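Sharing a model that was predicted from the sequence below.
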Amino acid sequence: MHFSYLLLATLLSAASAASSTPFAATKVALSVPRGGAGYYKPMRSSSSAGDVTTTTRGGGQEASVGGGTASIPNEVFNLVKGIVGVGVLSLPAGIAAFGDAPSAALPAVGLVAAIGAISAYGFSLIGRVCSYTGARSYREVRRTCDDMCTLLYFDADTKANLPFSSSDWYEKLTGLGQDSRHGNELDSLGCCTFKTGCAILAYSMVLADSFKALLSTIGYDFGRTDVLLGVTTLVLLPLCLMKNLSSLAPFSLAGIIGMIYTALAMAIRYFGGAYKLAAGEDSPAGKFLAGVSSDLQPVFGDKGASAVLKPNSFILICMLSTAYMAHFNAPKFYLELKNNTIKRFNTVVLTSFGISILIMAAVAAMGFLTFGKATSGLVLNNYAGSDTLMSLSRFAVAFSIVFSYPLVFVGCRDGVLDLLKVDPEERTHSVLNQVTIAILGVITALAVKVSDLTFVLSFGGATLGNALIYVYPALMFRSAVKNMGDDASPALKGEVNVAMFTAALGVVLGTIGSVMAIKGPGGH
């Protein structure tokens with residue numbers, strides 16, 4: 001993990017160095033056209049209300065830019081809060097997907113750190129593209145980059161050099177017709193909607209398991225489906241029908257507190273041997289082991305560190321793509337940072353992802369080392385209902401998810417309405433209510449049928465998660481540098497190769513990970 005953390009620092013330091021003199025001019029204001037900033041036009045003028053100005057000093061140092069007010073500590077806290085979520089609790093099962101001996105935790109922790117480092121680099125790339133183009137949101141970043149597209153889309157130069165003269169062939173292959181930017185925008189919107197849909201599905205699954213366990217501790221033994229329907233109807237639906245969610249925002253603080261508490265509680269239970277198997281008269285079973293069902297009790301074998309070379313390790317890798325997902329908010333963090341130079345922004349990214357790596361590595365390792373191959377997709381399910389320490393963890397996680405659920409749900413609902421091309425003025429209370437009930441019904445039905453959280457997170461990470469973390473940021477960066485033309489420094493042009501390598505890596509990981517997620521840990 002030390003090597004990968006060093007890799008994270010090296011990547012972002014190199015990024016800062018490459019970004020220090022992006023233009024030949026001493027002062028360049030980037031004018032962002034209203035209909036889609038896609039065309040980078042450096043202009044020697046003072047910045048206006050909608051412009052972003054990048055200033056360089058003679059020594060290559062960036063001057064103060066931007067109008068944000070957030071300090072670095074504030075940004076770090078909020079970004080860690082955004083990264084470390086419920087996906088962390090499935091990571092121990094990701095290790096169990098390929099290994100069953102304690103030594104399997106060693107390469108797994110390395111993967112947690114390595115994927116975290118690459119994810120941080122992608123997050124940094126998006127913020128830097130904002131600084132180069134003046135984009136103020138993820139969607140604007142994509143509009144700004146005229147060749148920002150999936151790997152199946154071609155830019156104008158590629159299209160001109162195709163060994164076919166027919167434009168119909170190109171349009172049939174890409175499915176974009178005459179307006180590729182419209183296809184790109186729908187692609188981005190579809191990605192966002194799919195990812196938020198996966199998130200609320202995972203939330204519903206975790207709430208069903210958590211409330212079922214909590215109710216059983218006080219003597220109420222309900223089935224998982226009954227609990228899910230009750231929580232959805234009595235708690236989630238009223239919250240999702242709220243038209244003003246600002247009052248729920250403060251409760252998101254409980255999320256990071258709950259995760260830190262859970263990591264500490266898991267460490268206490270592991271080092272205290274509360275769930276260890278009996279090993280003779282001199283080493284009795286842990287005091288809570290009897291309260292765990294037989295299929296969730298610890299199971300260890302001989303698949304150790306070398307098992308990470310097996311294809312099933314891609315399940316963990318793709319779960320990590322979901323766990324580190326925060327990239328849609330990169331423009332927001334860049335713009336809100338006070339004195340938002342690239343160096344200061346990368347300090348935020350380095351610190352935030354570094355802390356997140358430590359929390360995720362701790363949860364993944366402690367959970368797997370406690371239960372081994374028997375680790376559940378939601379590791380909290382492995383702990384006994386009589387374990388007060390872990391019951392408090394279940395309560396903290398459930399409390400956090402309940403009040404975070406509507407905030408994420410609104411993103412999914414708005415994405416669906418955008419895909420259906422429902423104009424904002426047509427989104428009356430009645431329409432919003434009907435769509436809310438419909439989406440929540442579909443998500444609940446899926447949560448009833450799908451109980452494997454590992455599959456949801458690994459498949460979501462293998463598909464669009466990898467695209468959003470590895471592929472899109474690299475293509476955005478390549479397009480931004482290309483649009484600079486001769487004003488781009490040699491360091492920036494050279495870094496494009498590094499960025500595109502991460503994109504290619506994302507495609508490979510996603511392809512293999514999708515297959516392994518569908519097959520499952522026992523697939524062949």
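Sure, I can see it. What you are looking at is a predicted structure, and each value in this text was computed from that prediction instead of being measured.

For residue 210, which non-adjacent residue is spatially closest?
Distances taken as CB to CB, 6 or more residues apart in numbering place residue 398 nearest to residue 210, at 4.2 Å, with adjacent residues excluded. Glycine gets a C-beta too; all of them are placed from N, C-alpha and C.

So that neighbour sits against residue 212, correct?
No - using CB atoms under 8 Å as the test, residue 398 is too far from residue 212 to be in contact (10.4 Å).

got the contact list for residue 365?
92, 95, 105, 108, 109 (CB atoms under 8 Å, 6 or more residues apart in numbering).

neighbours around the first one, how many?
So the one you mean is residue 92. By other CB atoms under 10 Å, the residues close to residue 92 number 30.

residues in contact with the residue nearest to residue 210?
With the criterion set at CB under 8 Å, 6+ apart, residue 398 makes contact with 206, 207, 210, 211, 214.

By neighbours, which of those wins?
Highest neighbour count within the contacts of residue 398: residue 210, with 27 neighbours (other CB under 10 Å).

Can you pull the poorly scored residue ranges out of the stretch 301-450 of the chain?
Within the stretch 301-450 of the chain, no stretch has pLDDT under 70.

With adjacent residues omitted, what lies nearest to residue 376?
Using CB to CB, 6+ apart, the nearest residue to residue 376 is residue 382, at 5.2 Å.

Roughly how far does that neighbour sit from residue 319?
17 Å (CB to CB, to the nearest Å).

count of neighbours near residue 326?
23.

Surely it touches residue 83?
Yes - the pair residue 326 / residue 83 is scored as a contact, 4.9 Å apart, by CB under 8 Å.

Let me see the contact set for the spatially most central residue of the chain.
Note on the chain: the residue nearest the mean C-alpha position is residue 325, at 0.8 Å, using CA atoms, centre = their mean. Contact analysis of residue 325 by CB under 8 Å, 6+ apart lists 83, 87, 195, 461, 465, 468, 469.

sec struct for it, please.
Going by DSSP: H, G, I helix; E, B strand; the rest coil, the secondary structure assigned to residue 325 is coil.

where's it relative to residue 84, distance?
If you measure residue 325 against residue 84 using CB to CB, the figure is 11 Å.

circling back: could you dump the contacts of residue 365 to TSV with secondary structure and distance to residue 126?
What follows is the contacts of residue 365, written out as TSV (DSSP: H, G, I helix; E, B strand; the rest coil; distance: CB to CB, whole Å):
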residue	secondary structure	distance to residue 126
92	helix	30
95	helix	29
105	helix	32
108	helix	27
109	helix	27
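
Which single one of these is nearest to residue 289?
residue 92 (17.1 Å; CB to CB).

Enumerate every residue touching the closest residue to the closest one other than its chain neighbours.
Distance criterion CB to CB, 6+ apart; nearest residue to residue 92, sequence neighbours excluded, is residue 367 at 2.9 Å. Residue 367 sits next to 89, 91, 92, 93, 266, 375, 379, 382 when contact means CB under 8 Å, 6+ apart.

Just to check, the third one is in contact with residue 364?
Spelled out, that is residue 92. Yes - in this structure, residue 92 is within contact of residue 364 by CB under 8 Å, at 5.4 Å.

Just the ones of the contacts of residue 367 in helices?
91, 92, 93, 266 (DSSP state H).

wouldn't the first one be in contact with residue 316 here?
Yes - contact status for residue 91 versus residue 316: in contact at 7.1 Å, counting by CB under 8 Å.

The two: who's more crowded?
More crowded of residue 91 and residue 316, by other CB under 10 Å: residue 316, with 32 against 28.

mind showing which ranges of the stretch 1-150 of the chain have poor pLDDT?
1-66, 143-150.

looking at the chain, which residue ends up farthest from its center?
Distance from the centre of the chain peaks at residue 281, with 46.5 Å (CA atoms, centre = their mean).

helix, strand or coil for that one?
The three-state label for residue 281, taken from three-state DSSP, comes out as coil.

Could you tell me how far it is located from residue 140?
For residue 281, the distance to residue 140 - CB to CB - is 68 Å.
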